[in-house]
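Q: need the 3D shape of this:
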Amino acid sequence: MPTTKPQRKSSSDQTSKPRRLSEKSKSFHAPRRGSPPQQQQPHLRRMKTEPSDLNSIARFHMMSPITTMTSPRLTKLLINVRIQGSIGTVQVVLSPESSVEELIAASIRQYVKEGRRPTLPSSMAAGFDLHYSQFSLESLRREEKLERLGSRNFFMCCRRVVATAESTTCCSKEAEKEAELPWLKFINFLHG
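A: Have a look, this model is predicted:
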């Protein structure tokens, strides 16, 4: 029973007619069998090095003055500071010799300059602490140099004023005080 669908040509029919390729596509295809030979590119000769040449090169480098390769010294650092309660980071450019206190002051100036919200309770650097992250309880020492910190991303939060002899306390001390109370309540619950 004859079919009405056109039948494909066999693969031998397709290869019998050579297709013409454009000039660009010819460079990507190898020459076909039976096609006229194309001009062959002359092979480039590879230079051979003699062992005596290698020795003279090595002696030349040994006689030249030794130059010490040092990495270029950083002149400025781009530092990201996330301020507690604010969205996004404040980017500050400072020299590596700057201290943590200078970074806090520069971050506050940049925050106020950009007009970010919420407004800061104080524009004094003494009212803030700098941490490696929001999960770090220990604040960084204010006299520490930025090049020794090993990070360029920091978290800044407000210092809390306590009504004791000390005017300010470290976040880790506050966490210790608050951590004692829940355990005492739990222990009293067990014994009571």
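Q: and V92, that's in a helix?
A: No - assigned with DSSP: H, G, I helix; E, B strand; the rest coil, V92 falls outside any helix and is strand.
Q: any regions of this protein where pLDDT drops low?
A: 1-44, 46-69, 161-192 (pLDDT under 70).
Q: and with 80 instead?
A: By pLDDT under 80, the low-scoring segments of the chain are 1-74, 160-192.
Q: pull out the buried positions in stretch 145-155.
A: For stretch 145-155, the neighbour count (16 or more other Cβ atoms under 10 Å) marks L146, L149, F154, F155 as buried. Every C-beta, even on glycine, is put in place using the N, C-alpha and C of the backbone.
Q: can you give me phi and psi for F155?
A: F155 adopts backbone torsions of phi -130, psi 130, taken as degrees, to the nearest 10.
Q: that one touches F128, doesn't it?
A: No - when contacts are counted by Cβ atoms under 8 Å, F155 is not listed as touching F128 (10.5 Å).
Q: now for the closest residue to K76 other than its chain neighbours: which residues touch it?
A: Distances taken as Cβ to Cβ, 6 or more residues apart in numbering put V93 closest to K76, at 5.3 Å, once the chain neighbours are dropped. For V93, the contacting residues are K76, L77, L78, I79, by Cβ atoms under 8 Å, 6 or more residues apart in numbering.
Q: and the residues you listed, which of them are in helices?
A: Using DSSP state H, no member of those sits in helices.
Q: out of those residues, which is most surrounded?
A: Among the contacts of V93, the one with the most neighbours (other Cβ atoms under 10 Å) is I79, at 21 neighbours.
Q: who are the neighbours in contact with it?
A: Here I79 is in contact with Q91, V92, V93, L94, L103, L146, R152, N153, F154 (Cβ under 8 Å, 6+ apart).
Q: what about S107, which helix or strand?
A: Per DSSP states H and E, S107 falls inside helix 100-114.
Q: list the buried residues in that helix.
A: Of the residues in helix 100-114, V100, E101, E102, L103, I104, A105, A106, S107, I108, Q110, Y111 count as buried by neighbour count, 16+ other Cβ under 10 Å.
Q: just these now: which is nearest G85?
A: Taking Cβ to Cβ as the measure, G85 lies nearest Y111 of the buried residues of helix 100-114, at 10.9 Å.
Q: any idea how far Q84 is from that closest one?
A: Noted for Y111: a distance of 11 Å to Q84, by Cβ to Cβ, to the nearest Å.
Q: go on, R152?
A: R152 is 19 Å from Q84, by Cβ to Cβ.
Q: what's the answer for E101, then?
A: 18 Å.
Q: got it, and L137?
A: Noted for L137: a distance of 14 Å to Q84, by Cβ to Cβ.
Q: shared neighbours, those two?
A: Contacts common to L137 and Q84, judged by Cβ under 8 Å, 6+ apart, are absent.
Q: and G88, how many neighbours does it have?
A: Counted with other Cβ under 10 Å, residues neighbouring G88 total 10.
Q: how about M156?
A: Residues near M156, counting by other Cβ under 10 Å, number 23.
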